Each structure stands twice: as structure tokens, then as C-alpha cells.
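Peer 1: Can you look at this prediction? I've put the sequence above it.
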Amino acid sequence: MRRAPWQLAPKLTGGKGVHVMVPRSRIGNEAALTLLAPHDGRVFFVLPAGDFAIIGTTDTYEPVSPDEVRASNADVAYLLDAANHFFPAASLARDDVVTAWAGLRPLVASDVGSDDPGAVSREHAVSEQVPGLVRVTGGKLTTYRIMARDAVDAAQRSLGVPRSRARTAEIPLSGGGLTDPLKAIGAATTLTRDAAMAARLVHAHGDRWRDVWALTERDAALAERIEPTRPYLVTEARWAVDEELSCTLADVLVRRIPVAFETRDHGRAAARRLAPRVAEWLGWDSARLGVEIERYDAEVERLFSITG
């Protein structure tokens, strides 16, 4: 029997994307910019990220597993040269790069044989190669809701139940009910007495910022900064463990709070300061604590090392 189009198994390819982070003061952009690299006309972005600017991304095929992909010196040079073309006063050099990281895009190879991953569609595909197992491939983070909707539609078809209308376009994510951010930042500044911390709490946690801050009322030590130079509080780490399923140091300092991206040691010093607290929250003994610090070092080395 001929399968429906949504059941066809897609063929995949991988495009490597690299980003570099530099101090935003060197560039001075107030908004996100979409530009064409002078070398080859490919699209790249310069995005404001607090005190930093993110420049990306490259778009090249990379025949390695996701765990093995790394930014290379050539990738970094490509992005810095492209940025310097549009911001010549910046004169960005390798030493200006705080962090560089890479990943693989799971592209659906609709244009198999193309030498340019930029020509491959970013659309996603939903398949059911094994009855009852729905798989989503391709796509982009920015279309996650549409991908989830299509996957649920496919699951309902597989189960033979009527399709139900997805309500996710109308339901805010946790913290998404904030109606007046400026007012919230003002209230947070009054409590924290630090404008940078207040802005971070509101921007990161939305209308749940008060819940995050409330933890400091029971433990004043949670109001300390994780990293002296960055506006991230220990209470956010406690929230990440208690409410956001963080179970490793990298969960906290890479995936919940971007200390690893915004420090030149990729959060290694912060991890050592924070580790005893995380150990207490998660019930680690001293041996497990040492193992977790080693795991953190290995993970940030894998994520942020730059190859020759």
C-alpha cells in the first residue's frame, strides 16, 4: 500500500553552523542585523545579546557526529572578516572572541547533490517508519511549535483518532504572561537594588521573576552573583535545579544561565564556586562532586574548543 507523504522517511544531511561572541561595545549594534558576507554572499547575522554581540553563522557540510563538531580557526576568521567589512571601526581580531561554538543543522536533503548546504530546505518532515513511532527531522528552533503540532497531528492519524485543534499558539509558555516589562524591571530593581540583575530576572523569567527572587527571602546567600562580572544570581541556579530539571553543572551554567558563553574560562571558575551548593541541592557526596566538576570541564571543552 502506498504511504501518505507524511509517512515517507526523509534523507538527512548536516550543515555546520558556527557562532562567535564578542563584546558588543566593539560593534555598537542596537538591533539585530541580517547581512550578506562579502566573501561569498551568504547570509549572516549580528545579534545583540546583552553586553555581547553574536556573529553567525557559517553554513558548510560537516561529515561528523554532533558530538564531534567544533568551530575552527577558519570559521572564526570568516565571521570576523565578514563583520569587519560592515563595521570597519571594530577591527575585530581573534583575541576579541569571548566564545565560539558550533552545531549541526539536521537538514532534510531534498536537494541531494548540492554542494551548498544553504540551498537545502529548512523545512521539517514528519515520518512514521515504524507503526506508532513518529519522527520529526529537519526544521529550525524558531519553528518548534509548528513542528510539534505536525507531530501531534501525525500521532493522531496513526492512532486513528480525530484531529484536535492545537491551542499552543494561544497559550503562553511559563513566565510568558508579563504585560508590562518596564514596570516589572522597576519593581525588581527596588527589590534587588541592582538594575542589571533586575533586568536579567525579568527578561529571563518573565512574570515568574518574583518566584525566583522569593527564594532569597529564605536564604539570603542566594542573592549573590554566580560570576562577579555577570548579572546572574545564585537563586537562578537554585530555581534551575528545583523547577527546571537541571541535574548537572552544565545544565545550570550552559543551558539555563549563559555564564559559560560569557566568560573566557567558559564558567570553569564559576562552576567550582557553585558546585558545593548544587551538590547540597542534589544530594551529591564529595566523590560525586569531584566527578561532576570533571564532567563540566570536559563538556565545555567539547562545546567551546576551537580546532586548527
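Peer 2: That came in fine, so what should we check first? Numbers count the residues shown, from 1 in each chain.
Peer 1: Break down this protein into its helices, ranges please.
Peer 2: Assigned by DSSP state H, the chain shows helices spanning 73-86, 144-159, 181-192, 195-205, 209-218, 234-243, 249-250, 259-262, 268-282, 286-304.
Peer 1: I'd like to know which of those lies nearest to Glu224.
Peer 2: For these, proximity to Glu224 was assessed by Cβ to Cβ; helix 234-243 is nearest, at 5.1 Å. Using the backbone N, CA and C atoms, a C-beta is placed for each residue, glycine as well.
Peer 1: Could I get the buried residue list for the closest one?
Peer 2: Across helix 234-243, burial judged by 16 or more other Cβ atoms under 10 Å covers Val234, Thr235, Glu236, Ala237, Arg238, Trp239, Ala240, Val241.
Peer 1: Using TSV, lay out these together with distance to Gly139 and pLDDT.
Peer 2: What follows is the buried residues of helix 234-243, written out as TSV (distance: Cβ to Cβ, whole Å; pLDDT from 0 to 100):
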residue	distance to Gly139	pLDDT
Val234	36	98
Thr235	34	98
Glu236	29	98
Ala237	31	98
Arg238	33	98
Trp239	29	98
Ala240	26	98
Val241	30	98
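Peer 1: would a markdown table of the helices of the chain with distance to Leu33 be doable?
Peer 2: Formatted as a markdown table, these follow (distance: least, Cβ to Cβ, whole Å):
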| stretch | distance to Leu33 |
| --- | --- |
| helix 73-86 | 8 |
| helix 144-159 | 24 |
| helix 181-192 | 23 |
| helix 195-205 | 20 |
| helix 209-218 | 29 |
| helix 234-243 | 29 |
| helix 249-250 | 30 |
| helix 259-262 | 20 |
| helix 268-282 | 30 |
| helix 286-304 | 24 |
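Peer 1: Could you identify which of those has the lowest mean pLDDT?
Peer 2: For those, mean pLDDT drops lowest on helix 144-159, to a mean of 90.
Peer 1: centre of the chain versus that helix, how much separation?
Peer 2: Its chain's average C-alpha position is 24 Å from that of helix 144-159, according to Cα atoms, centre = their mean, to the nearest Å.
Peer 1: Likewise for stretch 39-59?
Peer 2: That offset, for stretch 39-59, works out to 15 Å (Cα atoms, centre = their mean).
Peer 1: Going by neighbour count, which residues in it are buried?
Peer 2: Neighbour count says stretch 39-59 has 42, 44, 46-48, 52-59 buried, by 16+ other Cβ under 10 Å.
Peer 1: hmm, back to that, Gly175 is nearest to which of the helices of the chain?
Peer 2: Smallest distance to Gly175 across the helices of the chain (Cβ to Cβ): 5.2 Å, for helix 195-205.
Peer 1: Now that closest one: buried residues?
Peer 2: Neighbour counts using 16+ other Cβ under 10 Å place Met197, Ala198, Ala199, Arg200, Leu201, Val202, Ala204, His205 of helix 195-205 among the buried residues.
Peer 1: Mind putting the residues you listed into TSV with distance to Ala271?
Peer 2: Shown next, in TSV, are these (distance: Cβ to Cβ, whole Å):
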residue	distance to Ala271
Met197	20
Ala198	25
Ala199	24
Arg200	19
Leu201	22
Val202	26
Ala204	19
His205	22
